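Asks: Can you look at this prediction? I've put the sequence above it.
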Amino acid sequence: MRVAQICADRGIAPGSTKGAAQHLRGIAAGLSELGNSVTTYAARRCESEFPVEVRPVERFDTQAAQSFDVVYERYSLGHRRGLEIAREAGRPFVLEVNAPLVAEATAHRPATVSSEDRKTEAHLLYEADLVITVSGGLSDWVANHRDGPTVTLTNGFEPRWFDQTLRCEVDHDLVFIGHPKPWHGADLLPQLLRDLNHDGIRASLLIIGGGKGANDLVSDAQQLGVADQITVTGALDPQSATGLLASARLGIAPYPKHENFYFCPLKIIDYLAAGLPIVSTDQGDIAALVGRAGLVVPAGDNRSITAAVAQLLTDAELCNQMGRAGRNQALNNHTWGHVAARTHELLASLCAAAVPALAKP
């Protein structure tokens, strides 16, 4: 198939360190490796190597769309031109939904959202020939807006970035991957370190990421007297970032309580792929993702998070057992190859159904 991948979000640069950019890359690379011809149209220029050709999204018009078999768009706030162009060109339109963007923007960036964005969101969800989401919670939300097909495909990982034969000596007890944000729960980590200290466990923490959230975290750690137990890498390219996971004993994802947890956390997938036991909170699809690879505790129960971390840090055999289980689960279910293969099947079926319609006079 010839696939036009659209990303009109100006916050996502192909090849950047953001999780959204990793998803963009994973889909493009996976579909391409299956023999499809993929071209990515993006609002931002590439920041590093990308597996397929990237063109400015402004160059995607009706004439360009006619050279593709299907238009596959990552939902971006307020952007409806992908759907309009697909309809003008008579091509199937697939919408990839990673978040309920209007609700998310209203909660965190209210000045960036308008009533027109709400209309666009409803229109896209209703009109798309197929909607693909990354979590069960998102699929439930989408079902409130459409009668058409909706499929859940979790996030994935690139196996070449997780070569366990290169596993290095453990230098850190805990690791948190990703630029810390309020909804990640990273602000709890300094208190976690202090609570562990009170329990007689002096743990070290590696933050693989940077930005304002990391600076705030270090500031809080200084006030609590645990700053010397934290190492912050700053922004790294995805391959370097994931390579550092092997230097830790366990991965942590202490998400605070969310009324509507719609994430499919890439950090959970990365921890599984790296063979790390996991401590996380029980929300959305997390318990199903973690499976036998870690301990999942109630959201908002900080003492339970501390107890789970302490249990794993003092039980090497359990850590190894959980790490192996997670690694096997990741390799058998969660590579970008798995995600792309299922996406390929869905797109091929959609294109096959569209051919008779296009052939009608």
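Replies: Nice, thanks for sending it over. Residues are numbered from 1 along each chain as shown.
Asks: Need the pLDDT of the most centrally placed residue in the chain.
Replies: The centroid of the chain falls nearest to Leu266 when counting by CA atoms, centre = their mean (4.0 Å). On pLDDT, Leu266 comes in at 92.
Asks: what's the closest non-adjacent residue to it?
Replies: Among residues not flanking Leu266 along the chain, Gly19 sits closest, at 4.3 Å (CB to CB, 6 or more residues apart in numbering). Heads up, the C-betas are built off the backbone N, CA and C, glycines and all.
Asks: Can you show me the helices along the stretch 151-300 of the chain?
Replies: Along the stretch 151-300 of the chain, counting by DSSP state H, counting those that start in this stretch, helices occupy 189-198, 212-224, 238-243, 266-273, 286-290.
Asks: For Thr150, which of those helices is the nearest?
Replies: Ranking these by their distance to Thr150 (criterion: CB to CB) puts helix 286-290 first, at 18.2 Å.
Asks: So what touches that closest one?
Replies: 154, 253, 255, 261, 264-265, 268-269, 272, 278, 280, 296, 326 (CB atoms under 8 Å, 6 or more residues apart in numbering).
Asks: From those, list the buried ones, please.
Replies: Neighbour-count burial (16 or more other CB atoms under 10 Å) applied to the contacts of helix 286-290 gives 154, 253, 255, 261, 264-265, 268-269, 272, 278, 280, 296, 326.
Asks: Looking at these, which two lie furthest apart in space?
Replies: Phe261 and Gly326 (20.4 Å).
Asks: doesn't Val71 make contact with Leu347?
Replies: No: counting by CB atoms under 8 Å, Leu347 does not reach Val71; the two are 10.2 Å apart.
Asks: Residues in contact with both of these two, list them for me.
Replies: Counting by CB under 8 Å, 6+ apart, the shared contacts of Leu347 and Val71 are 92, 94.
Asks: Sort out for me which of the buried ones among the contacts of helix 286-290 are in strands.
Replies: With strands identified by DSSP state E, the entries of the buried ones among the contacts of helix 286-290 that belong to them are 253, 278, 280, 296.
Asks: Can you name the residues bridging to the first one?
Replies: Same thing as Ala253. Here Ala253 sits in beta bridges with Ser280, going by DSSP bridges.
Asks: Same check on Thr335?
Replies: According to DSSP bridges, beta-bridge pairing links Thr335 with Phe157.
Asks: what residues are up against it?
Replies: Per CB under 8 Å, 6+ apart, neighbours of Thr335: 156-159.
Asks: Looking at the ones in strands among the buried ones among the contacts of helix 286-290, which is nearest Gln321?
Replies: Ile278 (12.7 Å).
Asks: okay but that closest one is in contact with Arg292, surely?
Replies: No: Ile278 is beyond contact range of Arg292, at 10.4 Å (criterion: CB under 8 Å).
Asks: between these two, what contacts are shared?
Replies: 322, 326.
Asks: distance of Ala111 from Ala105?
Replies: According to CB to CB, to the nearest Å, Ala111 stands 9 Å off from Ala105.
Asks: oh, I was asking about Leu266
Replies: Plainly put, Leu266 is 20 Å away from Ala105 if you go by CB to CB.
Asks: circling back to that earlier point, who's more crowded, Leu347 and Val71?
Replies: Legend: neighbour count by other CB atoms under 10 Å for Leu347 and Val71, higher for Val71 (26 against 21).
Asks: Return the alpha-carbon coordinates of stretch 103-111 using PDB.
Replies: Output of stretch 103-111 as PDB, limited to C-alpha atoms (Å, rounded to 0.1, in the frame of the first residue of the first chain):
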ATOM      1  CA  ALA A 103     -10.500  17.800  27.200                       C
ATOM      2  CA  GLU A 104      -6.800  17.600  27.600                       C
ATOM      3  CA  ALA A 105      -6.200  21.100  26.300                       C
ATOM      4  CA  THR A 106      -9.100  22.500  28.400                       C
ATOM      5  CA  ALA A 107      -7.500  21.000  31.500                       C
ATOM      6  CA  HIS A 108      -3.900  22.000  30.900                       C
ATOM      7  CA  ARG A 109      -3.800  24.700  28.200                       C
ATOM      8  CA  PRO A 110      -7.300  26.300  28.200                       C
ATOM      9  CA  ALA A 111      -6.100  29.300  26.100                       C
END
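Asks: Contacts for it next, please.
Replies: Contacts for stretch 103-111 (CB under 8 Å, 6+ apart): 77, 112-113, 117, 260.
Asks: Generate a PyMOL selection restricted to the buried subset of the residues you listed.
Replies: The buried residues among the contacts of stretch 103-111 can be selected in PyMOL (16+ other CB under 10 Å) with this line:
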select buried, resi 77+113+117
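Asks: among the contacts of stretch 103-111, which two are most distant?
Replies: Maximum pairwise distance among those (CB to CB): 19.4 Å, between Thr112 and Asn260.
Asks: Can you give me every residue that contacts Glu33?
Replies: For Glu33, the contact set (CB under 8 Å, 6+ apart) comprises 337, 340.
Asks: Give me the distance between it and Leu346.
Replies: Using CB to CB, Glu33 is found at 17 Å from Leu346.
Asks: do the same with Thr242
Replies: Using CB to CB, we find Thr242 at a distance of 27 Å from Leu346.
Asks: Start and end of stretch 129-141, how far apart?
Replies: End-to-end distance for stretch 129-141, by CA to CA, to the nearest Å: 17 Å.
Asks: do stretch 241-250 as well
Replies: Using CA to CA, one end of stretch 241-250 lies 15 Å from the other.
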